[in-house]
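> predicted model and sequence follow; I will ask about them next.
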Amino acid sequence: MKEIIVNNDMKISQVVAGCMRVADANLTGHQFLTFVEECMEMGITTFDHAPVYGGYTCEKIFGDAVLRVRPQLRKKMQIVTKTGIVLKGKDGNKTIRYESSKKEIQKEIESSLRNLGTDYIDLLLVHRPDILADPQETADALDQLVQEGKVLHLGVSNFMPSQIAALQSYMKNPISINQMEFSVKTTENFTNGVMDDALIRRMPLMAWSPLGGGSVFSGEDKQSVRLRAKLQEIAEDYHTSIDTIMYSWLFRHPVKIAAITGTLNIERVKKAVEALEITLSYDEWYQILEASRGYCVP
C-alpha cells in the first residue's frame, strides 16, 4: 500500500476506508470488524469518520465493533474525524447548520473520543466553512486540542484556498490536508485553484466521492454515457474495471491524493487498491477529462 506523508510526521494510506455508510449496511459487529481487519491486511490503515455520519451513530458503531473488541488495532490505524456540522433536530435545532465555535468543537471532539473508544484523534478536519465563525476562536479551539494531545494533526474539508489561508493565519499549528470532492465526474477542483494551493503548500488532499456517486456505472445523462464508454475502453487495455481506472485517474495527479472509498464491500475496496499499480499516460488522462467535460482542452 502506498502511503502519503501528512505534516512531515504522519503517514496515511492512499486508499482510505470511509465509514459514512456503516449505519446503513446492516452488518453485525463481527462482520464490520472483519471488514476493518481485511482492509488493514491490504494496507488500508486510515479510516474516515464524522460525528454526523449515520445521524450521529457511525462513530459509536466503529468504537463498539472495532476498538472496544480489538483495542490493539488502535496503534496500527489512523482515525480521521471532523467537526462543525450540526444536524436538524440536534439539541432542538430547526435546520442543519455549520458551527465552528469553541464550544461546539470541544463538545464534538469529546463525543467523538467517547464514541470511537479512543483517547486521541490522528487527524481532525473542520468539516465545512462556517460563515459566522470567529477565526481566532476556531483557531484557538483547534490549537488547544493539539496542545492537550486529544488531536495530533489538523485539516479542513470543503475549503477553498482563500478560506484555508484565512484560518491558517490565526493558527499556531499547520492545516495539513484538505478533503474535497474529486472524481472523473466532478473536475472543477482541478482547475479552480484548489490543486495549485495544495502544490504551493506541499499539502496532500483527500478525495470524497471519488467514483462520482456511482452514476458513471449506470447513469443515462450525457456525461455518464461519455465517461462510461471511454473508461471501459481504457479499462480493457489494462485488463481491469472502470472503477479502478476512475481511482487511477485521481492518483495520477502530482498532488498526493488519498481516495476515500464509500463501500463496505471488500471486493470493491480491492479495486481502489489495484488502482495504485496503474499509471495512466498523459493521453489517457486527458481523454478521460475530455469525456467528462464533453469538449477538449482549449
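Thanks, I have the structure now. None of these values were measured; they are calculated from a predicted model.

> which residue ranges of this protein form strands?
Applying DSSP state E to the chain gives strands spanning 3-6, 10-13, 15-18, 46-48, 78-83, 85-86, 97-98, 121-126, 151-157, 175-181, 205-208, 257-261.

> distance to Gly294, mean neighbour count and mean pLDDT added to the ones you listed, as JSON lines?
Where you see a C-beta, it was placed from the backbone N, CA and C, and this is true even at glycine. Putting the strands of the chain into JSON lines (distance: least, Cβ to Cβ, whole Å; neighbours: other Cβ atoms under 10 Å; pLDDT from 0 to 100) gives the following:
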{"stretch": "strand 3-6", "distance to Gly294": "32", "mean neighbour count": "18", "mean pLDDT": "96"}
{"stretch": "strand 10-13", "distance to Gly294": "34", "mean neighbour count": "20", "mean pLDDT": "97"}
{"stretch": "strand 15-18", "distance to Gly294": "29", "mean neighbour count": "26", "mean pLDDT": "98"}
{"stretch": "strand 46-48", "distance to Gly294": "31", "mean neighbour count": "26", "mean pLDDT": "98"}
{"stretch": "strand 78-83", "distance to Gly294": "34", "mean neighbour count": "26", "mean pLDDT": "98"}
{"stretch": "strand 85-86", "distance to Gly294": "33", "mean neighbour count": "20", "mean pLDDT": "94"}
{"stretch": "strand 97-98", "distance to Gly294": "33", "mean neighbour count": "17", "mean pLDDT": "94"}
{"stretch": "strand 121-126", "distance to Gly294": "33", "mean neighbour count": "25", "mean pLDDT": "99"}
{"stretch": "strand 151-157", "distance to Gly294": "29", "mean neighbour count": "24", "mean pLDDT": "98"}
{"stretch": "strand 175-181", "distance to Gly294": "19", "mean neighbour count": "23", "mean pLDDT": "98"}
{"stretch": "strand 205-208", "distance to Gly294": "22", "mean neighbour count": "23", "mean pLDDT": "98"}
{"stretch": "strand 257-261", "distance to Gly294": "24", "mean neighbour count": "24", "mean pLDDT": "98"}
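
> now distance to Phe35 too, for those strands, in JSON lines please.
Output for the strands of the chain, formatted as JSON lines (distance: least, Cβ to Cβ, whole Å):
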{"stretch": "strand 3-6", "distance to Phe35": "21"}
{"stretch": "strand 10-13", "distance to Phe35": "15"}
{"stretch": "strand 15-18", "distance to Phe35": "8"}
{"stretch": "strand 46-48", "distance to Phe35": "11"}
{"stretch": "strand 78-83", "distance to Phe35": "16"}
{"stretch": "strand 85-86", "distance to Phe35": "25"}
{"stretch": "strand 97-98", "distance to Phe35": "31"}
{"stretch": "strand 121-126", "distance to Phe35": "20"}
{"stretch": "strand 151-157", "distance to Phe35": "24"}
{"stretch": "strand 175-181", "distance to Phe35": "22"}
{"stretch": "strand 205-208", "distance to Phe35": "19"}
{"stretch": "strand 257-261", "distance to Phe35": "11"}
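
> closest one to Leu231 among those strands?
Smallest distance to Leu231 across these (Cβ to Cβ): 15.6 Å, for strand 257-261.

> now the closest one - C-alpha only, PDB.
Taking Å, rounded to 0.1, in the frame of the first residue of the first chain, the C-alpha atoms of strand 257-261 are listed here in PDB:
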ATOM      1  CA  ILE A 257      -4.500  12.400  -3.300                       C
ATOM      2  CA  ALA A 258      -5.900   9.900  -0.900                       C
ATOM      3  CA  ALA A 259      -9.200   8.400  -2.100                       C
ATOM      4  CA  ILE A 260     -11.900   7.700   0.400                       C
ATOM      5  CA  THR A 261     -13.900   4.600  -0.500                       C
END
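
> pLDDT weak spots in the protein?
Scanning the chain for pLDDT under 70 picks out nothing.

> mind checking which of the strands of the chain is nearest Leu132?
Of all these, strand 97-98 comes closest under Cβ to Cβ, at 8.1 Å.
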